[in-house]
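Visitor: below: sequence and its predicted model.
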Amino acid sequence: MITTIWAGLSVGAIYAIVAVGYNIVYIASRVFNFAQAQFVMIGAFVALQAGSVLNLPLWVTILLCALVGAVIGALEEFLAIRWLRGRGAHNELVTTLGVATLLSGLALVLFGSEPNRISYFSDQAPLDLLGGRVLFVEVLTILGAIVIAVAVGVITKRTMIGLASLATSEDREAGALRGINAGWLAIGAFVLAGALLAALGPLVGAKTFAVFNLGDLLAVKAFVALAIGGFGSYKGAAIGGFVVGLVEVFSARFLGSEWQNITVFVLLLLVLLIIPNGVFGRATGRTV
Amino acid sequence: MKLSMRTYKRFPFWIIPLAIGLVVMALPFMGANRGTLRLVISIALLALLVVGLNIAFGYAGELALGQSAIYAAGAYFAGYFAIKGLDLPLTLVIAVIAAAAVGLLTGGPGLRLGSWSLGMVTFFLVLLLPDIVTLFGDYTGGTAGLSGIPLPSLFGQKLNNTTFYVFVIAITILFFALLRNYVVSRHGTALKVMRESPVLARSLGYSIPRLKLTAYVISALPAGAAGSLFAYQDGYVSDVSFGFSMAVAILAASIIGGSASIYGAAFGAAILVIGPLRASALQDWSLPFFGLLLIVGGLFFAGGVAGLLTRLIHSRFLKDDLMPDVLAALESPPPLPAIDGKTLKGVGIVKRFGGNVALAGVDLEARPGRVTALIGPNGSGKTTLLNVISGFLKPEEGTVMLGDRDITGLKAHQASRSGISRTFQTPQIPQGLTVAEVVESARFRTEPTSVISGMLTLPGTRRAMRRDREAAIQLLSVMGIVEYADRQADELPLGTRRVLEVARALASEPALLLLDEPASGLDEQEVEALAVVIRRLRDAGATIVIVEHNFELVMRISDRIDVLHLGGMIAGGTPAEVRNDPAVIESYLGKAARERAEAAEEKK
């Protein structure tokens, strides 16, 4: 039982971090980045190469992943988002979906459709913790998710750059009048979110292996986490992520593995019907 | 040679696509081989999926990625019941009903949140398909697939390759015709208004959840039908046919053809089937290729092929002349009809934003045949008050009565239906509509017609659309802008757009007209024209509430002025009374102005 809870929390931690990534970009540029979860996939493949070909130590690999994620994040904003400013609301859904498809498609072409084992964290004995069994890397992921959600939340509320992004999110023009460079803010958000999620690659890849469609289910489940927690809320993203992970793991255990995604889907439909703004979301104010 | 506007509007151009469709349908009798027929069937099925998506995405503005999952639902249901021995028409109907059910199930929740939530819900649905197929393995054949689907039979008659082909094309033509009628009917205009400005749509009385859900469910129907035809075509259904790459291909075809179009769907489908989907060299590279296509298409190819063609036709082949009814209205301007205004009475209205009190117990009364102006410095609560009256904000305390009806706390679309019309500080003129259509869009809820009537262009819809046009021409003529009736509305200059907003606000025969800073940004002449219009409306019996910063205009046209300051009424009365009220002078014009006024008094 406790083992199942650990498993749920460690899966949920991944969703939570991806949801934080959605939030970072959403708050700074009001864009929902469909391709966000693909950065975890990128990180997993970088870790695969770094581990099995280059034999780099883990900390170097994590830095390398973050660097690659940051560069691709910047490219995404620059090539697929920036040009759309002020031209209708829906095209960034199409272009970020295009980026997601392009990234996972390239991974398929380069590495094939078979999952690849990552060399990091591969030979670990499970720990006994609070009466359940859990891998060290899983504990690390859970702690990482909590630290990241809290840290990004504090940065957003307490630092100039965080407040600037909140202000831009509320009113781009007013922000610009106060001297906030919304363009740099948006690039910065894509870079930060990209680096963060790609750095997660080695940890996630250790659990799920590196596979081209790793990002697909991750994308929707992190979205469920956001829907539960409320858009723009970091606390909500973390809690929502853990809830999704627990629901998934428990339904797999008690109903069978073919149910694990379906129960999360049903959870999403119920959340959208009952609390469309999420637990920590704000209803929007003035519309006219 | 250029077409006159009259020919362009009246000529039944739908004959051309119909004729093309019939020629395609007759291909087997013109010696086309089996390979060609298979290819055309693939195009037709993809075109059905894409045309559905275009309704949801191109017209209603909601990105639905689940067409391939709905396609699968149609295929599995039709396949299962075909094996059970049901006839083709029955399985087709079952597939369409299944598609509608999936649409309702995912659309209800999926449309609740921002614009991406339907996208994610439907994307999730596509990813779930293998799990669902496994779970219902007894019916779907599980991972092995559903095999043994018999050849289609129509009323007991087995169909051969040729007759099945004809049937597929007939169904495709049928759906294209129904959806084409739907988007050229008033419902299509309503969808465009909603896509461009949800706020405006609500102020016109549209129920947005209902409009969106209707459009989304309609978008699922052709996908279900395509699924059933696919099941017969292949004789075998497996979940690998309906994966993520299929979903992306559908969206790519939609963007290439032009999402906000009907016939563009056939273009896009044909291009994709003949090009990338067939090229075997592209198999491995299909995902990156579609990814690039979405990025480039989303960035640069907003209108698609259909958009390019429309623009070409408008610029090259269309004369810029006037329609006969416009000419008639110019020659003998129709009179302004009597307006049945009602009394607005607000008592003790309180509105807070967090700890911020925007309205602290405001009273307001506006009577028919009179112009009531609301003035006050920025942040005094004028627009908040308008938003409370028109249902965009819910007051914490107080009542709002219109006539003898209590409208406190109604939502915006309900307030609109109970007789409140408004204009906006920034004119809300949707893209892609003509000036006349902008006015007509306000009559969508005043004289409602059903979706089915629109799809079949029944007499009810035709009558309503004729009256829409008449009302639009009449009001545009009253406003003095009827010569622009068939121009694109978003190309008008600001002053004309503001006058157009007033025309639209009148089209729903409102009991109360709210004008939110109608003179801002206008030059002197335009302000003068606006003043004339407002006086005419007042004399026709309208109840008018106007929020305006142009002090001189307010003084000239108002019968009563109420002055707001920091969320409370500080003065009220005739223009002359308000002009000399010291509290008004101080709050509105500043302390210096009061001192100067007092100094001037003393000198006398």
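Guide: That came through fine.
Visitor: packing partners for the helix or strand harbouring B:A73?
Guide: In this assignment (DSSP states H and E), B:A73 forms part of helix B:67-83. Counting by 3 or more CB pairs under 8 Å, 6 or more residues apart in numbering or on different chains; DSSP states H and E, the packing neighbours recorded for helix B:67-83 are helix B:34-53, helix B:88-110, helix B:117-135, helix B:137-140, strand B:146-147, helix B:208-234, strand B:236-237, helix B:244-257. (C-beta placed from N, C-alpha, C; glycine too.)
Visitor: could you redo the last one with a cut-off of 6 Å?
Guide: In terms of contacts (3 or more CB pairs under 6 Å, 6 or more residues apart in numbering or on different chains; DSSP states H and E), helix B:67-83 is packed against helix B:34-53, helix B:88-110, helix B:117-135, helix B:208-234, strand B:236-237, helix B:244-257.
Visitor: dump the residue contacts of residue 262.
Guide: Went with chain A since none was named. B:D131 (CB atoms under 6 Å, 6 or more residues apart in numbering or on different chains).
Visitor: wrong one, I was asking about chain B
Guide: B:179-180.
Visitor: the same query, at a cut-off of 10 Å, please.
Guide: Residues in contact with B:I262 (CB atoms under 10 Å, 6 or more residues apart in numbering or on different chains) are B:14, B:17, B:47, B:50-51, B:54-55, B:58-59, B:175-184, B:188, B:306.
Visitor: out of the residues you listed, which are close to chain A?
Guide: B:G58 (CB under 10 Å from any CB of the partner chain).
Visitor: just the buried residues from the contacts of B:I262, in ChimeraX please.
Guide: Applying 16 or more other CB atoms under 10 Å in any protein chain shown to the contacts of B:I262, the buried members can be selected in ChimeraX as follows:
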select /B:17,47,50,51,54,55,58,59,175,176,177,178,179,180,181,182,183,188,306
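Visitor: I'd like to know which of the contacts of B:I262 are part of helices.
Guide: Judged by DSSP state H, the contacts of B:I262 include B:17, B:47, B:50-51, B:175-184, B:188, B:306 as members of helices.
Visitor: please pull out the lowest mean pLDDT helix or strand from chain A.
Guide: When each helix and strand of chain A is scored by mean pLDDT, DSSP states H and E, helix A:172-177 comes last, with a mean of 71.
Visitor: that helix close to chain B?
Guide: No: Helix A:172-177 stays clear of chain B (CB under 10 Å from any CB), getting no nearer than 12.3 Å.
Visitor: buried sites along the next helix or strand after that helix?
Guide: For helix A:172-177, the following helix or strand on the C-terminal side (DSSP H and E) is helix A:182-199. Going by neighbour count (16+ other CB under 10 Å), the buried part of helix A:182-199 is A:182, A:185-199.
Visitor: distance from helix A:182-199 to the middle of the chain?
Guide: Distance of helix A:182-199 from the chain centroid (CA atoms, centre = their mean, to the nearest Å) equals 12 Å.
Visitor: what do you get for stretch B:462-469?
Guide: The answer for stretch B:462-469 is 18 Å, by CA atoms, centre = their mean.
Visitor: beyond the top helix by length along chain A, next helix or strand please.
Guide: What stands out as the longest helix in chain A, according to DSSP H, is helix A:2-29. For helix A:2-29, the succeeding helix or strand toward the C-terminus, using DSSP H and E, is helix A:38-52.
Visitor: about what we covered before: report the two of the buried residues of helix A:182-199 separated the most.
Guide: The distance between the two most remote of the buried residues of helix A:182-199 (CB to CB) is 25.7 Å, for A:A182 and A:A199.
Visitor: still on that earlier bit, relative to A:A164, which of the buried residues of helix A:182-199 is nearest.
Guide: A:L185 (6.3 Å).
Visitor: contacting residues around the closest residue to the closest one other than its chain neighbours?
Guide: What sits nearest to A:L185 in space, not counting adjacent residues and going by CB to CB, 6 or more residues apart in numbering or on different chains, is A:A28, at 5.0 Å. For A:A28, the contacting residues are A:77, A:156, A:161-162, A:164-166, A:168-169, A:182, A:184-190, A:192-193, by CB under 10 Å, 6+ apart.
Visitor: for chain A, give me its nearest residue in the stretch 451-600 of chain B.
Guide: Using CB to the nearest CB, the closest approach of the stretch 451-600 of chain B to chain A is made by B:D516 at 7.8 Å.
Visitor: is it true that B:L318 touches B:Q488?
Guide: No: between B:L318 and B:Q488 there is no contact under CB atoms under 10 Å: 11.7 Å.
Visitor: quick one: the strands in the chain?
Guide: Picking chain A for this. A:127-129, A:132-134 (DSSP state E).
Visitor: can you look at chain B instead?
Guide: Under DSSP E, chain B gives strands at B:146-147, B:153-154, B:157-158, B:236-237, B:344-353, B:356-366, B:370-375, B:397-402, B:405-406, B:420-422, B:512-516, B:543-547, B:560-565, B:568-573.
Visitor: sorry, back to before: need the contact partners of the least confident helix or strand of chain A.
Guide: Against helix A:172-177 from outside (CB under 10 Å, 6+ apart): A:29-30, A:85-86, A:163-169, A:171, A:180-183, A:185.
Visitor: buried among the residues you listed? Make that a PyMOL selection.
Guide: Only the buried entries of the contacts of helix A:172-177 go into this PyMOL selection, using 16+ other CB under 10 Å:
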select buried, chain A and resi 29+30+164+165+167+168+169+180+182+185
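Visitor: residues in the stretch 1-150 of chain A within reach of chain B, list them.
Guide: A:22, A:26, A:30-35, A:76, A:79-84, A:87-110, A:112.
Visitor: could you redo the last one with a cut-off of 7 Å?
Guide: Within the stretch 1-150 of chain A, the positions lying close to chain B (CB under 7 Å from any CB of the partner chain) are A:32, A:80, A:83-84, A:89-91, A:93-95, A:97-99, A:101-102, A:104-106, A:108-109.
Visitor: tally of neighbours for residue 103?
Guide: Using chain A. 24 (other CB atoms under 10 Å in any protein chain shown).
Visitor: meant chain B actually
Guide: For B:G103, using other CB under 10 Å, the count is 29.
Visitor: what residues does the stretch 51-200 of chain B put near chain A?
Guide: Checking the stretch 51-200 of chain B against chain A by CB under 7 Å from any CB, the hits are B:61, B:63, B:108-110, B:112-113, B:115-117, B:119-121, B:123-124, B:127-128, B:131-132, B:134-135, B:199.
Visitor: ends of stretch B:572-584, what's the gap?
Guide: From its first residue to its last, stretch B:572-584 covers 9 Å (CA to CA, to the nearest Å).
Visitor: do me a favour and average the pLDDT over that stretch.
Guide: Average pLDDT, stretch B:572-584: 84.
Visitor: flag every buried residue along it.
Guide: Quick answer for stretch B:572-584 (16+ other CB under 10 Å): B:572, B:575, B:578, B:581, B:584.
Visitor: let me see the domain layout of chain B.
Guide: As assigned by automatic domain parsing, chain B contains the domains B:34-316, B:344-603.
Visitor: and the ones you listed as TSV, adding distance to A:L255?
Guide: As requested, the domains of chain B are exported to TSV (distance: least, CB to CB, whole Å):
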stretch	distance to A:L255
domain B:34-316	10
domain B:344-603	39
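Visitor: contact partners for the closest residue to A:L267 other than its chain neighbours?
Guide: The shortest distance from A:L267 to any non-neighbouring residue, by CB to CB, 6+ apart, is to A:V247 (5.6 Å). Residues counted as contacts of A:V247 (CB atoms under 7 Å, 6 or more residues apart in numbering or on different chains) are A:263-264, A:267.
Visitor: B:M465 now?
Guide: B:R186.
Visitor: distance between stretch B:234-246 and the chain's centre?
Guide: With CA atoms, centre = their mean, you get 33 Å for stretch B:234-246.
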